[in-house]
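K.L.:
below: sequence and its predicted model.
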Amino acid sequence: MRVLVRTPNWLGDTVMALPALLALRSHFADEVLVAAAPSAFAPLLSAAAAVDETVLLSREHSGRRGRNIEAAQLRSGRFDLAVLLPNSFGSAWVARRAGIVERWGYATRARGWLLTRAVPRPHRRSHLHQGDEYLGLLRKLGIESKPVATTIAAPPWMLARARRLLEDAGWDGERPLIGMAPGAAYGHAKRWLPDRYARVAGRLADTQGAVVVLVGDGHDRDTGYAIESSLVAAGGGGTVAGVVNLIGRTDLSQLIGLLAVLRALISSDSGAMHLAAALGVPVAAIFGPTDDRLTAPVGRHVVLTHNVWCRPCFLRDCPIDHRCMTGISEDRVFQAVTDQLLLPAAGGRT
């Protein structure tokens, strides 16, 4: 039998779904397990090593045309069963259109009639962690699933690519690396203040002898530039040693390799946060408008929040004064990451 699991569409959600993938691997041990995922996530699935094959879904087209292309891709795989982790109507429609006989998932967004086994989704007020929601789906489908540590290992070729990038940027191969992921795909409201990132970066470089590495995708470049500008201003107009800006300069395989060699990461609620935690890197996670009960990283981490009446609001942009983020001080973040550095390093990091 050929079993398809449709992964989530966001990087962080896919990391949180890895325990569910492992549970499916165990349950369908004698079957062919295939993941259908956005093509950009191929390095993550390779590092996780939970499936036999991967169908890489193109995101070149959206709407009906995109769904028809995806259905054609899945139809060619001749799957007997699809387990749908996304709750979207489109994912169920595509599975049915692809001719997959058995289609299992949560009965959400009026899609129950498209599924052959539809189970009720937990109520939002249950505040169930996203990873537990995926595992809960499997349990309701009769698949044994237990919460497990989400761990992945960066293969040697990913580590080598990351080290080359770091060395080209001036890293000597010896100084400890601390990462900062200041961006967020969801919206500006999830981002902590660039000038505070800058001050924490300067303090870490001065007190820990560390190289602070800024990471993120191309959409986060402006945040990276703002941090650099604050660093230059604090340095009296000169450059600041010990800070490397790699935002927009890594693909996913390089990012995995880079995160794997960090001693710690400071991050907003983002895909990089979840990746680092899954790689065993201690994370200081800064949460503002989103709910850490739902999407906190799984692994060694500390969550930093400022409790105000309006959080979690889940808004992309704050309509008032961004108090959930401005209330998190530079000192709290600095202390959180230095406390993490006192813990024994994992995976041979120095």
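P.N.:
Looks like it arrived, so ask away.
K.L.:
with adjacent residues omitted, what lies nearest to L304?
P.N.:
I286 (5.0 Å; Cβ to Cβ, 6 or more residues apart in numbering). C-beta: built from backbone N, CA, C; applies to glycine.
K.L.:
tell me, how many residues neighbour the one you found?
P.N.:
A count of neighbours around I286, defined by other Cβ atoms under 10 Å, yields 31.
K.L.:
doesn't A336 make contact with it?
P.N.:
No: contact criterion Cβ atoms under 8 Å: I286 and A336 do not qualify, at 9.0 Å.
K.L.:
still on that earlier bit, need phi/psi at the residue nearest to L304.
P.N.:
Note on I286: backbone dihedrals following degrees, to the nearest 10 are phi -100, psi 110.
K.L.:
give the contact list for it.
P.N.:
Counting by Cβ atoms under 8 Å, 6 or more residues apart in numbering, I286 touches 192, 266-269, 304, 325, 328, 333.
K.L.:
cool, S26 as well?
P.N.:
So S26 contacts E144 (Cβ under 8 Å, 6+ apart).
K.L.:
distance-wise, check it relative to L33.
P.N.:
10 Å (Cβ to Cβ, to the nearest Å).
K.L.:
cool, C318 as well?
P.N.:
For C318, the distance to L33 - Cβ to Cβ - is 42 Å.
K.L.:
how far is stretch 268-276 from where the chain is centred?
P.N.:
Chain-centre distance of stretch 268-276: 4 Å, with Cα atoms, centre = their mean, to the nearest Å.
K.L.:
now do the strands in the stretch 101-250 of the chain.
P.N.:
For the stretch 101-250 of the chain, applying DSSP state E, counting those that start in this stretch gives strands covering 102-106, 117-119, 177-181, 211-214, 243-245.
K.L.:
what residues does the last one touch?
P.N.:
Read it as strand 243-245. 166, 169-171, 201-202, 205, 211-214, 224, 227-228, 231.
K.L.:
in the one helix or strand A20 maps to, what's buried?
P.N.:
Taking DSSP states H and E as the definition, A20 sits inside helix 18-27. Neighbour-count burial for helix 18-27 flags 18-25, 27 (criterion: 16 or more other Cβ atoms under 10 Å).
K.L.:
ok, now stretch 151-163?
P.N.:
Under the neighbour-count criterion of 16+ other Cβ under 10 Å, stretch 151-163 has 151-155, 158-159, 161-163 buried.
K.L.:
so how far is the helix holding A20 off the chain centroid?
P.N.:
With Cα atoms, centre = their mean as the basis, the mean position of helix 18-27 lies at 18 Å from the chain mean.
K.L.:
quote the end-to-end distance of stretch 310-330.
P.N.:
Using Cα to Cα, to the nearest Å, the end-to-end distance of stretch 310-330 comes out at 22 Å.
K.L.:
give me the distance between that stretch and the centre of its chain.
P.N.:
Worked out by Cα atoms, centre = their mean, stretch 310-330 lies 21 Å from the chain centre.
K.L.:
check stretch 276-286 too.
P.N.:
Put simply, stretch 276-286 sits 10 Å off its chain's centre (Cα atoms, centre = their mean).
K.L.:
any idea how this protein splits into domains?
P.N.:
Per automatic domain parsing, the structural domains of the chain span 2-140, 156-341.
K.L.:
which one of those lies nearest to K146?
P.N.:
With Cβ to Cβ, the closest approach to K146 among those belongs to domain 2-140: 7.5 Å.
K.L.:
what's the span of that closest one from first residue to last?
P.N.:
Using Cα to Cα, the two ends of domain 2-140 sit 21 Å apart.
K.L.:
report the distance from it to the chain centre.
P.N.:
A distance of 17 Å separates the centroid of the chain from that of domain 2-140, by Cα atoms, centre = their mean.
K.L.:
what pLDDT, on average, does it get?
P.N.:
Domain 2-140 shows a mean pLDDT of 93.
K.L.:
how many neighbours does L56 have?
P.N.:
Per other Cβ under 10 Å, the neighbour tally for L56 reads 14.
K.L.:
and the angle from the longest strand seen in the chain to helix 18-27?
P.N.:
The residue-count maximum for a strand in the chain (DSSP state E) belongs to strand 32-38. Per axes from the mean of the first three to the mean of the last three Cα atoms, to 10 degrees, the angle that strand 32-38 makes with helix 18-27 is 160 degrees.
K.L.:
out of the contacts of strand 243-245, which two sit at the greatest distance?
P.N.:
Using Cβ to Cβ, these span at most 19.5 Å, a distance reached by L166 and G202.
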